[in-house]
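Novice: Attaching a predicted model along with its sequence, questions to come.
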Amino acid sequence: MTDTLIVGGGTAGCVLAARLSENPDHTVRLLEAGPRWLAPDGFPAELLDATRLPVGADALWLWRYPVTLADDGVAITGNIVRGKVIGGSGAVNGSYFARATAADFAAWSRELGSSKTWSFDSVLPAYCRSERDVDFGDRPWHGRSGPIPVRRSMNPVPLSKQFATACAAVGFPAIPDLNEVSGSVDGVGPVPCNTEGGNRVSTASGYLLPVLDRPNLTVQADTSVVRIRFRGPRAVGVDVLHDDGTETLWADHIVLSAGAIESATLLLRSGVGNAEHLRALGIPVVHSAPVGAWFTDHPEIGLDYQLGAPERATVPMEYVLGLDDIEIRPYTVAFTPGVQHLGVALMRPQSAGVLRLRAADPAIPPMIEHRYLSAEHDRTRLRAAVETASEVLQRMPAHVRTEPMPGPPRAADAWLHANLATSQHLSGTCRMGPADDDRAVVDELCRVHGLTGLSVVDLSVVPVPLSRGPQATTVMIAENVADHLRR
Ligand SMILES: Cc1cc2nc3c(=O)[nH]c(=O)nc-3n(C[C@H](O)[C@H](O)[C@H](O)COP(=O)(O)OP(=O)(O)OC[C@H]3O[C@@H](n4cnc5c(N)ncnc54)[C@H](O)[C@@H]3O)c2cc1C
């Protein structure tokens, strides 16, 4: 029997499998729904090339979900994706690899009533262990020998340079290192990216593939977990589906690293969730828990513009302007041919989303409602952010294509709805908190409250909005939990 069975070979799952299997006496089995390759350069070009964002609309290696982003009387719907491949969403994403801020971890620790495991000082060693920062690795708060290379564009394209110059002209300071520990986090700076020679370096390439020959590590790709098996309150195995049919695999400890959407839906389908909702779908209740009752994500408003002939960058975003809870993102890739896009994202929204099952059948995607812009605070902050972004655009030689945001707040809010999108950073569906917190699904070490032998280790557990993109923090979560599991 396997000691630890990990569901999901994505950003967190690959880190966990590699770190736990460092102990030769610990057997680890990693199950991934999508395909895998045996070496980093075996990945298809579309997955390797960091500028392919999004990867092709009909690509095989994606999970796709219909979502409702907001509803002010008129529903704003859309579609989101997640990586369905070894490396998970890290194999298809924008390669932006920035740490969350010290203030985020202070908020996270407040939610727990403890600063033991998730204060900034406690997590900094895990961030450092994960990275090989080629620009700032010699500084004390950075890693120089971790599995993930981190670098900033040395030769940015004209669009990025013009953006940085425009930010300086408006009066925003330059931040050479967005992962710096001390000092202000407000300003414009080059984006730390997890790439090498223009290729994405996911945790599959950085952590997992180099250790595939360990005898105590089994990696099974093209294998979907459909349900967790329980004996009383103890998780004892999983039912899986693969090309040869169905099978039950048993383990001492099961870890869900299937991402914030699939870890939650797997728990719900297995009977862990809101008892009333589960019974209505005919799912026997194993344990009542607030799975999917809260999640957060970064709403993003898009401003389209044209600016000379586009030049090919090596990453989708070379510079970013961070202003407390706002990020302004000058994408170097054109999502529509010939049109450039400035993303204006709210990083600490108060509006929270909800995820529920529509049916017990795993083939039917869950209901996902982001409920963006439902808090007045978020509308006010985004209106101010759009004004700032417009001011920066005015200082660039850009021809703005998006209709300007109207002045009166009510009309401006309708405009925000019309231009609304998502950063695809959904997190918190199985949030962390103490046992007496009725919003909490897992404890401080990611173990599911009220059950044994079952943990969730991925972006599902984060209990607060993060001020930066979540990829680097997902890696850190897995590093930090692996360290505690090994003690
Ligand atoms: C298009 C896109 C662009 C993004 N860009 C950035 C960016 O530039 N910077 C940033 O910081 N963040 C970015 N993100 C977000 C970031 O990539 C994710 O938040 C992060 O990778 C989540 O890691 P995870 O381990 O929680 O889940 P994932 O990396 O999604 O891993 C989950 C894995 O579990 C597998 N799985 C799911 N269900 C099952 C099952 N039932 N059985 C077996 N396996 C299963 C999946 O196939 C997947 O491999 C982006 C996300 C997307 C989708």
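Specialist: Done, it's in. Numbering: from 1, shown residues only.
Novice: Skipping its backbone neighbours, what lies nearest residue 91 in space?
Specialist: In space, and not counting its chain neighbours, residue 91 is closest to residue 202: 4.4 Å by CB to CB, 6 or more residues apart in numbering. Placement of C-beta: from N, CA and C, glycine included.
Novice: Please, where are all the strands along the stretch 351-487 of the chain?
Specialist: 354-356, 367-369, 399-400, 420-422, 454-456 (DSSP state E, counting those that start in this stretch).
Novice: and those, which is most packed in?
Specialist: For the strands of the stretch 351-487 of the chain, the largest average neighbour count (mean count of other CB atoms under 10 Å) is found in strand 454-456, namely a mean of 26.
Novice: tell me the contacts of the closest residue to the ligand within the stretch 351-487 of the chain?
Specialist: Closest to the ligand within the stretch 351-487 of the chain is residue 469: 2.6 Å, counting by CB to the nearest ligand atom. Residue 469 makes contacts with 94, 96-98, 423, 425, as judged by CB atoms under 8 Å, 6 or more residues apart in numbering.
Novice: if you set the cut-off to 6 Å instead, what comes out?
Specialist: Listed by CB atoms under 6 Å, 6 or more residues apart in numbering, the contact set of residue 469 reads residue 96.
Novice: Let me know the pLDDT of it.
Specialist: We have a pLDDT of 98 for residue 469.
Novice: Equivalent analysis for residue 479, please.
Specialist: 98.
Novice: That one against residue 131, yeah?
Specialist: No. Using CB atoms under 6 Å, residue 479 is not in contact with residue 131, being 10.1 Å away.
Novice: Which secondary structure element is home to residue 304?
Specialist: Using DSSP states H and E, residue 304 falls within strand 299-306.
Novice: can you list the residues that contact that strand?
Specialist: Residues from elsewhere that reach strand 299-306, judged by CB under 6 Å, 6+ apart: 339-346, 372, 386, 389, 398-402, 419, 421, 423.
Novice: Give me the sheet partners of that strand and which way each runs.
Specialist: The strands that strand 299-306 pairs with in its sheet are strand 340-346 (antiparallel), strand 399-400 (antiparallel), strand 420-422 (antiparallel) (by DSSP bridges).
Novice: close to the ligand, is it?
Specialist: No. With CB under 6 Å from any ligand atom as the criterion, the ligand is not reached by strand 299-306; the gap is at least 11.2 Å.
Novice: Tell me if I'm right that residue 321 and residue 188 touch.
Specialist: Yes. The criterion here is CB under 6 Å, and residue 321 meets it with residue 188 at 4.6 Å.
Novice: anything in contact with each of these two?
Specialist: Common neighbours of residue 321 and residue 188 (CB under 6 Å, 6+ apart) are residue 167.
Novice: And stretch 457-466, end to end?
Specialist: 17 Å (CA to CA, to the nearest Å).
Novice: Residues touching that stretch, excluding its own?
Specialist: Identification of contacts with stretch 457-466 by CB under 6 Å, 6+ apart yields 12, 16, 100, 104, 107-108, 111, 255, 257, 259-260, 263, 296, 348, 427-433, 442, 446, 470, 473-474, 478, 481.
Novice: tell me the mean pLDDT for it?
Specialist: Mean pLDDT, stretch 457-466: 98.
Novice: can you check stretch 416-423 too?
Specialist: pLDDT averaged over stretch 416-423 gives 97.
Novice: Same check on stretch 57-69?
Specialist: Averaged over stretch 57-69, pLDDT sits at 93.
Novice: Spit out the contact partners of residue 425.
Specialist: So residue 425 contacts 297-298, 470 (CB under 6 Å, 6+ apart).
Novice: let's see 10 Å
Specialist: 89, 93, 260, 296-300, 345, 347, 459, 462, 465-466, 468-471 (CB atoms under 10 Å, 6 or more residues apart in numbering).
Novice: Just grab the bridge partners of the closest residue to the ligand within the stretch 101-250 of the chain for me.
Specialist: Distances between the stretch 101-250 of the chain and the ligand by CB to the nearest ligand atom are smallest at residue 225, namely 3.8 Å. Here residue 225 sits in beta bridges with residue 240, going by DSSP bridges.
Novice: That one against residue 251, yeah?
Specialist: No. In this structure residue 225 lies outside contact range of residue 251 using CB atoms under 10 Å: 11.4 Å.
Novice: Looking at those two, which is more packed in?
Specialist: residue 225 (25 against 21; other CB atoms under 10 Å).
Novice: So which bits of stretch 165-183 are buried?
Specialist: 166-167, 172, 175, 177-181 (16 or more other CB atoms under 10 Å).
Novice: For residue 20, state which of those is nearest.
Specialist: For the buried residues of stretch 165-183, the residue nearest residue 20 by CB to CB is residue 179; the value is 26.1 Å.
Novice: quick one, phi/psi of that closest one?
Specialist: Main-chain torsions, residue 179, degrees, to the nearest 10: phi -100, psi 10.
Novice: now residue 335
Specialist: Per degrees, to the nearest 10, the backbone of residue 335 is at phi -70, psi -30.
Novice: contacting residues for it?
Specialist: Residue 335 neighbours (CB under 10 Å, 6+ apart): 53-54, 302, 304, 316, 341, 343, 421.
Novice: Give me the distance between it and residue 177.
Specialist: Applying CB to CB, to the nearest Å, the value for residue 335 to residue 177 is 28 Å.
Novice: again with residue 375
Specialist: 32 Å.
Novice: which residue sits closest to whatever residue of the chain ends up closest to the ligand, ignoring its sequence neighbours?
Specialist: Using CB to the nearest ligand atom, the closest approach of the chain to the ligand is made by residue 10 at 1.7 Å. Distance criterion CB to CB, 6+ apart; nearest residue to residue 10, sequence neighbours excluded, is residue 88 at 2.0 Å.
Novice: same deal with residue 40?
Specialist: By the measure of CB to CB, 6+ apart, the closest residue to residue 40 outside its immediate chain neighbours is residue 205, 3.8 Å from it.
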